[in-house]
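In: predicted model follows, preceded by the sequence.
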Amino acid sequence: MYQLVERLYPLCRSITGDGVRETLKTLKNSIPLNICEVPSGTAVFDWTIPKEWNIRSAWIKNDRGEKVVDFQDCNLHVLSYSIPIHCKLSLTELKQHLYTIPSHPDWIPYRTSYYKENWGFCLSHEQYTQLQEGEYEVYIDSSLEDGSLTYGEYYLPGETKDEILISCHICHPSLCNDNLSGITIASFLAKSLKEQSRRYSYRFLFVPGTIGAIAWLALNESKVSQIKHGLVLTCLGDSGSFTYKKSRRGNAEIDRAVEYVLQQSGQAHEIVEFSPYGYDERQYCSPGFNLAVGCFMRSPHGTFPEYHTSADNLDFITPEQLGDSWIQCRSILQVLEGNRRYINQNPKCEPQLGKRGLYEPIGGHLADETYRMAMLWVLNLSDGTHSLLQIARRSRMPFDAIARAVELLSEKGLLVEAE
Amino acid sequence: MYQLVERLYPLCRSITGDGVRETLKTLKNSIPLNICEVPSGTAVFDWTIPKEWNIRSAWIKNDRGEKVVDFQDCNLHVLSYSIPIHCKLSLTELKQHLYTIPSHPDWIPYRTSYYKENWGFCLSHEQYTQLQEGEYEVYIDSSLEDGSLTYGEYYLPGETKDEILISCHICHPSLCNDNLSGITIASFLAKSLKEQSRRYSYRFLFVPGTIGAIAWLALNESKVSQIKHGLVLTCLGDSGSFTYKKSRRGNAEIDRAVEYVLQQSGQAHEIVEFSPYGYDERQYCSPGFNLAVGCFMRSPHGTFPEYHTSADNLDFITPEQLGDSWIQCRSILQVLEGNRRYINQNPKCEPQLGKRGLYEPIGGHLADETYRMAMLWVLNLSDGTHSLLQIARRSRMPFDAIARAVELLSEKGLLVEAE
Amino acid sequence: MYQLVERLYPLCRSITGDGVRETLKTLKNSIPLNICEVPSGTAVFDWTIPKEWNIRSAWIKNDRGEKVVDFQDCNLHVLSYSIPIHCKLSLTELKQHLYTIPSHPDWIPYRTSYYKENWGFCLSHEQYTQLQEGEYEVYIDSSLEDGSLTYGEYYLPGETKDEILISCHICHPSLCNDNLSGITIASFLAKSLKEQSRRYSYRFLFVPGTIGAIAWLALNESKVSQIKHGLVLTCLGDSGSFTYKKSRRGNAEIDRAVEYVLQQSGQAHEIVEFSPYGYDERQYCSPGFNLAVGCFMRSPHGTFPEYHTSADNLDFITPEQLGDSWIQCRSILQVLEGNRRYINQNPKCEPQLGKRGLYEPIGGHLADETYRMAMLWVLNLSDGTHSLLQIARRSRMPFDAIARAVELLSEKGLLVEAE
């Protein structure tokens, strides 16, 4: 996963343009992504697909002809969606188009101006303070023209048409945690799910933030009702502990599943309530959809100083954190996959497990305490109203033990699936 | 407000009589109060309006003819509802009619005997211990005769017939916190509400405790169903922090509103559960009515030693506490006034706020974070089921910001009121 | 109660056999127990009544003919349900049939093998380590033959057919806390309930654990729906604080009643959630019955080292703990007996208690504060939806005070029972 991050890191992504296309093409090497183009000007609910932005080069030269800021050095240097410009101006005029972070003088900020035409440069505060009075030549070789918005979609059919949505934003340039981490984990989840049997169908969306999610929802409204659970993935590579932001519903199955998996992980973590600010869960959880979609993160946006700066680089994330994030996501999906309801076929008193070889008969000294307890819990609560996740939560037992107990009991005919 | 308390302090109030009439006449100077008389003997539910009690003078003389206790000095000296008497008796006989507070020897207690004919004097324990053996002459020039019970009512119509009830008891003689504070705040709330547009109609009741509230409910039963929210106001001038006693329902809108306003005030405060002891909320919350009426106080009855003694005087309350109590009451009523439900007209995904000038478009650096968040919360939860108070509570934002966001969004046609 | 424990202690009980019969006969001295026999081979749900086991003697002799282990010394020495055997074997072979507790070398463990034919001896680890190489003679004079399972039942009719079930297991040999304590308390509860008027009917079951409860449920299925509340009694003589394990429902009236009584007792106690492991609540709370039956204990099984060992003897329990356990059980049953719903006949405003002599009329100085508050609570909440237990819980008042208030108010016609 870390290698995929390294490969995608140099590309200059934005909400449209070739950086996004290049990113999706790279992902297509490992998963059969469907790459979709939505033309500029297309109405998507209250919004309109903007013009496509591409950039080739950009710099600021001082009056000695030296490049003092150069897009080649770092693609954060240019305000995303800067219009093309080539002019000379004084330092005072130039400064109105410069963005820095005085509190972290060696970091370059990441800034955008998607919906208001503008141009600008982002630079370290150190660079900024060294700029001397004089005339500057500014050049941005960008284009902002009719084109299209590009997103990637991968639909993986399962036994049922009920879907789990995995969504991540792909619009940030060279920023690792936000959101090459989410992109990478989504793509590796897709890769592994492809190889297993699936009760649910899965839909992976790799979309530019906000406008991409809105475009998908607007153009695929008929599919929305299939989405039963979902996760927005972001900021999953840093060294912070896990944070899960609940869906707007607050008590959806996905909310319970994530909470359970994080509890069982034994790791410190935080469960936070839904709020209408953040990532694309804002759109999925808008009142007209109100989908059961939460947001799975480590350190949330805005809580770490490296957020939206050049310090969110390859050093800020680690293979270990990425790997552990993937493991927790897998566990969450496994819980959803296995979260069925069963009916105890022998509901009056306990069935005699011993005569079926389901446990060692010497009272008081049992070989496999965990499975025996899991069997008793499953039998006791399998009245058709309790899901396995509910049984696992109530018994505080690992989901795997519960699922294994279901298998053992089903083999002996003591349990059948509900419905 | 403090000046009004000073003006009302000397009057000798009881559950009936001229002291109450004088008090209501004084209030009528600032609000157009309707003064109602209910004749003695009138049946009001399980109760009967008692005879009217008035008192002119009362004293105890020792055998040297010196007045050792005199009603002129303090109207607490006489047991309220004492029958007329003029006789001579020994100290031993006299003592059966004397009330003191041994633990606060310089305070005079406040005592009543409304429903059992009796007479008595209240005095400081210091006075009591100085009484010497001998014959005493006792004189109470009171009358207990058919007359009427007097209460004040002020009905302020609003846009709807739904009412907010503000009730306070007016039966205590020279006691400031209990309840000239409540009387004063109710009257100043009425004065200010008169000058503003009102969604709700308001009913202010200035009634003698228990029997007055019962009388109003019995004689106005057809109006009761209009009362949607209510507050009993008492003990609002002392230096204690706020206490709100919830309605019997426990989760009524008034309960939520007071809780929210006190939380937002940043002041220490206590929310206590309903109990069937206290002030007239006992009647409003009796099971046959079960109105959404709570009781708003600073230090509750019985929790401060000055309670029902001569020490609950003009020094015990301050203009500052009265003022702050008024401010919190106003805020509570403003929350109820503004607590409507809206429907987001663009429920599928977020509307594009930027193109409507609703926020500064440079990503990541927004001018007015608070209003922007308030707008997002209002849009996200305005599905017709969430009231603005619910939105304010869930977002932990000031109600004013939520209300301002509603205004901005409504102006742009993004929101309409529900129903 | 302690004397009854002493009398029952020496008997060798198991899930069937003469030890159980002897135990029930002893109980029959004080309560008119119905002793029932269920023949071996009878199908009871998923189970079959096993053969009846009886034992006369058993020993192990070393090669010098000395009895190194003898059933006469302690009836825990023989693995319960050991088949008859008489043979000679080496120490190594013998050891496969020996059970000890190395961590408590002077205690004898209690072990069973009901459903798999086997034989064995339990002994102290000290005895075990002294066994020397050589040939041993093993003799168990037991019988395992068609016979019957014996249980005791005592049905005590009340005003209604609604039943309270009291169940305890009688299958353990010389173990005091588990469960001569439960047997004794159940039998003394029966004795005292017999002497009082009862709203509920009571069913006392003295059954062998698991198979006995299953047998009763299978053979009396038509009676099960009469059981409204129930308690399994066990481990009630040790010095630990009380533990109540809730019914599977978790919020049944019995759960609330026990919680309330333990809170009011002022003693440390623990309320634990239902789990499908423990005593016969496992059967009563199986999903096909889901009865409102909890388990009342002091130290729960498995939490004290003496559990299922010879150290659970007459020294491990005390008359004081037994007595206090009985008192709490009585209180719980009294709460259930008295937990009715009433309707305030004067629901609009408070009735005038004073004119009915229900309290002293001098305001502010009341003789009997507790009963007055209890009357106000009962009047306020008696709207037909609140039970007396709910009123007691909400008011945090003793159930006795609430019940006394009901009496006083009913006498005055202010209250009638609901329905």
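Out: Received the coordinates, thanks.

In: which residue does the stretch 151-300 of chain A have closest to chain B?
Out: A:G288 (3.2 Å; CB to the nearest CB). For every residue, glycine as well, the C-beta is placed using N, CA and C.

In: so what's that residue up against?
Out: A:G288 makes contacts with B:N344, B:P347, B:K348, B:C349, as judged by CB atoms under 8 Å, 6 or more residues apart in numbering or on different chains.

In: give the other helices and strands that the lengthiest helix in chain A contacts.
Out: When chain A is scanned for its longest helix (criterion: DSSP state H), the result is helix A:319-338. Helix A:319-338 sits against helix A:2-8, helix A:181-194, strand A:227-233, helix A:253-265, strand A:293-297, helix A:388-395, helix A:399-411, with contacts defined as 3 or more CB pairs under 8 Å, 6 or more residues apart in numbering or on different chains; DSSP states H and E.

In: could you check the angle it makes with strand A:227-233?
Out: Helix A:319-338 runs at 170 degrees relative to strand A:227-233, counting by axes from the mean of the first three to the mean of the last three CA atoms, to 10 degrees.

In: using PDB, list the CA coordinates for helix A:319-338.
Out: Backbone C-alpha positions of helix A:319-338 (Å, rounded to 0.1, in the frame of the first residue of the first chain) are rendered in PDB as follows:
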ATOM      1  CA  PRO A 319       3.100   1.300   6.200                       C
ATOM      2  CA  GLU A 320       2.200   0.000   9.600                       C
ATOM      3  CA  GLN A 321      -0.600   2.500  10.200                       C
ATOM      4  CA  LEU A 322      -1.900   1.900   6.700                       C
ATOM      5  CA  GLY A 323      -1.800  -1.800   7.200                       C
ATOM      6  CA  ASP A 324      -3.700  -1.700  10.600                       C
ATOM      7  CA  SER A 325      -6.300   0.700   9.100                       C
ATOM      8  CA  TRP A 326      -6.900  -1.900   6.300                       C
ATOM      9  CA  ILE A 327      -7.200  -4.700   8.900                       C
ATOM     10  CA  GLN A 328      -9.900  -2.700  10.900                       C
ATOM     11  CA  CYS A 329     -11.800  -1.900   7.700                       C
ATOM     12  CA  ARG A 330     -11.700  -5.600   6.700                       C
ATOM     13  CA  SER A 331     -13.000  -6.600  10.100                       C
ATOM     14  CA  ILE A 332     -15.900  -4.100   9.900                       C
ATOM     15  CA  LEU A 333     -16.900  -5.500   6.500                       C
ATOM     16  CA  GLN A 334     -16.600  -9.000   7.800                       C
ATOM     17  CA  VAL A 335     -19.000  -8.100  10.600                       C
ATOM     18  CA  LEU A 336     -21.500  -6.700   8.100                       C
ATOM     19  CA  GLU A 337     -21.100  -9.700   5.900                       C
ATOM     20  CA  GLY A 338     -21.700 -12.100   8.700                       C
END
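
In: that older thread, filter the contacts of A:G288 down to the buried ones and hand me the PyMOL line.
Out: In PyMOL syntax, the buried subset of these is picked out as below (16 or more other CB atoms under 10 Å in any protein chain shown):
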select buried, chain B and resi 344+347+348+349
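
In: where do the strands sit along the stretch 51-200 of chain A?
Out: Using DSSP state E, counting those that start in this stretch, the strands found in the stretch 51-200 of chain A span residues A:52-61, A:67-70, A:85-90, A:98-99, A:121-122, A:135-145, A:148-156, A:163-169.

In: re the thing from before, got the angle for the longest helix of chain A vs helix A:253-265?
Out: 130 degrees.

In: thinking again about what came up before, who wins for proximity to C:N177 among the helices and strands packed on helix A:319-338?
Out: helix A:388-395 (26.9 Å; CB to CB).

In: so is the closest one next to chain C?
Out: Yes - using CB under 8 Å from any CB of the partner chain, helix A:388-395 comes into contact with chain C via A:R394, A:S395.

In: please state the offset of that helix from the chain centre?
Out: Centroid separation for helix A:388-395 versus its chain: 27 Å, with CA atoms, centre = their mean, to the nearest Å.

In: relative to helix A:319-338, how tilted is that helix?
Out: For helix A:388-395 against helix A:319-338, the angle by the same axes, to 10 degrees is 110 degrees.

In: quickly list what the spatially most central residue of chain A is bridged to.
Out: For chain A, the residue nearest the mean C-alpha position is A:L233 (1.4 Å; CA atoms, centre = their mean). Beta bridges link A:L233 to A:F296 when assigned by DSSP bridges.

In: show me the contacts for it.
Out: Shown in contact with A:L233 (CB under 8 Å, 6+ apart): A:I166, A:S167, A:C168, A:N179, A:S181, A:G182, A:I185, A:A186, A:C295, A:F296, A:C329.

In: that one and A:D312: what is the separation?
Out: Applying CB to CB, to the nearest Å, the value for A:L233 to A:D312 is 16 Å.

In: go on, A:D73?
Out: On the measure of CB to CB, A:D73 and A:D312 end up 17 Å apart.

In: same check, this time on A:P319
Out: 16 Å.

In: quick revisit: go through the strands of the stretch 51-200 of chain A and pick out the most buried.
Out: Across those, averaging neighbours per residue (mean count of other CB atoms under 10 Å in any protein chain shown) puts strand A:121-122 on top, at a mean of 28.

In: would you check the distance separating that one from the middle of the chain?
Out: The chain centroid and the centroid of strand A:121-122 are separated by 27 Å under CA atoms, centre = their mean.

In: quick one: what helix or strand has the residue of the stretch 151-300 of chain A closest to chain B in it?
Out: Assigned by DSSP states H and E, A:G288 falls within no helix or strand.

In: number of residues surrounding the residue lying closest to A:T309 once chain neighbours are set aside?
Out: Nearest in space to A:T309, with sequence neighbours left out and distances taken as CB to CB, 6 or more residues apart in numbering or on different chains, is A:W107 at 4.3 Å. For A:W107, the neighbour count with other CB atoms under 10 Å in any protein chain shown is 23.

In: name all residues that make contact with A:W107.
Out: Applying CB under 8 Å, 6+ apart to A:W107 gives the contacts A:I101, A:S124, A:E306, A:T309, A:S310, A:A311.

In: distance of the fourth one relative to A:Y81?
Out: Spelled out, it's A:T309. A:T309 sits 19 Å away from A:Y81, going by CB to CB.

In: now swap in the second one and tell me
Out: Between A:S124 and A:Y81 the computed distance is 21 Å (CB to CB).

In: those two - which one has more neighbours?
Out: Set A:S124 next to A:Y81 and count neighbours by other CB under 10 Å: A:Y81 wins out with 26 against 21.

In: surely A:L379 and C:P276 touch.
Out: Yes - counting by CB atoms under 8 Å, A:L379 touches C:P276, with 7.0 Å between them.

In: need phi/psi at A:D18.
Out: Dihedral angles of A:D18 (phi, psi; degrees, to the nearest 10) stand at phi -70, psi -30.

In: ok, it - how many residues close by?
Out: 19.

In: which residues touch the closest residue to it other than its chain neighbours?
Out: With sequence-adjacent residues excluded and distances taken as CB to CB, 6+ apart, A:D18 is closest to A:N54, at 5.5 Å. Counting by CB under 8 Å, 6+ apart, A:N54 touches A:G17, A:D18, A:S142, A:S143, A:G147.

In: run through the bridge partners of A:N54.
Out: Judged by DSSP bridges, the bridge partners of A:N54 are A:S143.

In: reformat the strands of the stretch 51-200 of chain A as TSV; add mean pLDDT and distance to C:I402.
Out: TSV is the format used below for those (pLDDT from 0 to 100; distance: least, CB to CB, whole Å):
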stretch	mean pLDDT	distance to C:I402
strand A:52-61	98	74
strand A:67-70	98	80
strand A:85-90	97	82
strand A:98-99	98	70
strand A:121-122	98	72
strand A:135-145	98	77
strand A:148-156	98	62
strand A:163-169	98	53
